[in-house]
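>>> could you look at this predicted model? Sequence included:
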Amino acid sequence: MYALIVNPISGNGRGKRELPRVEALLREENVPYQLFEAARKGEMRALARQAVESGMEGIVAVGGDGSLFEIINGMAGSELALLFACCGTGNDFIKAVHLPKDPVEALRLQLHTPLSRIDLGRMNEMYFLNVSGTGFDVEVLRQAEKYKQRYKGLGVYLRGVRDAIRHFRPLEARIAFDDAELTPQKFTIISIGNGRYIGGGMCCVPTAQVNDGLFDVVVTRPVPRWLIAVLMTIYVPGWYAKTPFVVHRRCKRLRIVCPGMTVNLDGELFDCDEAAFQLLPAALRVRIPGLPPRAGAPA
């Protein structure tokens, strides 16, 4: 049996509107399920934990990227499978795994796909599925929040970018990759990718794969405010990562020490002085069609 966990307010109410279609598909496919509807922020984590403790086969998540973040943090470490029926504002994770935009069509594909595994990221004691980072992206998320009721998708975050340029200053931190020593660095943005996209479709980590056992880390050097505006024109498709302003690294662990920083985890913001990242290979069971072969896996 699957736990059908729904965030009814995701995507300005789209989660609630899509629920009847999702339930109809599960009945059509003879998939037994139990419905859990979150009543407030933070409850989806508890519902996911309840699904683990109840011995469910898996979870069908109806919501956006924030809902997936909560569910991952409730089920991480379990053997439950996670199926995605995404209907939030950005729906960034499903872009990295090429699932259809329509949540019911995406779910239909997954129900007919064998189980496989993808990686998870962990920052301190919290798990994330897609992208983490700090710097300019945090300011974009802060500024974008006020537009979510009037706009949707990429349009929300492009307005956040416009406003963020007026407020942002480059950060200075000490950073260590894997077993290296902490080194002082200044940057405009650092993106740590298991997935590729943020902000409704901005390809901030264009080389990341969800099952290769490594983080892809993109560090954008400090640039003047006027140049941020120029870079953003090539940020959305990911072309910025090929410019001289960017350094690309791959790693399994990463430490960032920056007193007073705010870290973005799959669109959720957290304040901390130190962020310790670890890639957890093959940590999540999924049914995603067309995943590339796992790194190191037999052909």
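Thanks, I have it.

>>> from here on, just use CA atoms for contacts and neighbour counts.
Will do.

>>> what are the pairing partners of the biggest strand by length in the chain, and which direction each?
Counting by DSSP state E, the longest strand found in the chain is strand 268-286. Partners of strand 268-286 in the sheet, by DSSP bridges, are strand 81-86 (parallel), strand 116-123 (antiparallel), strand 253-265 (antiparallel).

>>> nearest to Gly160, of those strands?
strand 253-265 (14.6 Å; Cα to Cα).

>>> alpha carbons of that closest one, as CSV, please.
Taking Å, rounded to 0.1, in the frame of the first residue of the first chain, the C-alpha atoms of strand 253-265 are listed here in CSV:
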residue,chain,number,x,y,z
ARG,A,253,31.6,16.2,0.9
LEU,A,254,31.8,19.9,1.3
ARG,A,255,32.1,22.3,4.2
ILE,A,256,31.2,26.0,4.2
VAL,A,257,32.0,28.1,7.2
CYS,A,258,30.4,31.6,7.1
PRO,A,259,29.0,33.1,10.3
GLY,A,260,25.4,34.4,9.8
MET,A,261,24.9,32.8,6.3
THR,A,262,21.5,31.5,5.0
VAL,A,263,21.5,28.2,3.1
ASN,A,264,18.9,27.3,0.5
LEU,A,265,17.8,23.6,0.6
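
>>> need the strands paired with strand 268-286 in CSV (columns: mean neighbour count).
CSV is the format used below for the strands paired with strand 268-286 (neighbours: other Cα atoms under 10 Å):
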stretch, mean neighbour count
strand 81-86, 25
strand 116-123, 21
strand 253-265, 20
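
>>> a markdown table for those, including distance to Ile165 and mean pLDDT?
Shown next, in a markdown table, are the strands paired with strand 268-286 (distance: least, Cα to Cα, whole Å; pLDDT from 0 to 100):
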| stretch | distance to Ile165 | mean pLDDT |
| --- | --- | --- |
| strand 81-86 | 30 | 96 |
| strand 116-123 | 27 | 97 |
| strand 253-265 | 17 | 95 |
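
>>> relative to Glu274, which of those is closest?
strand 253-265 (4.4 Å).

>>> right, I'll call it a day here.
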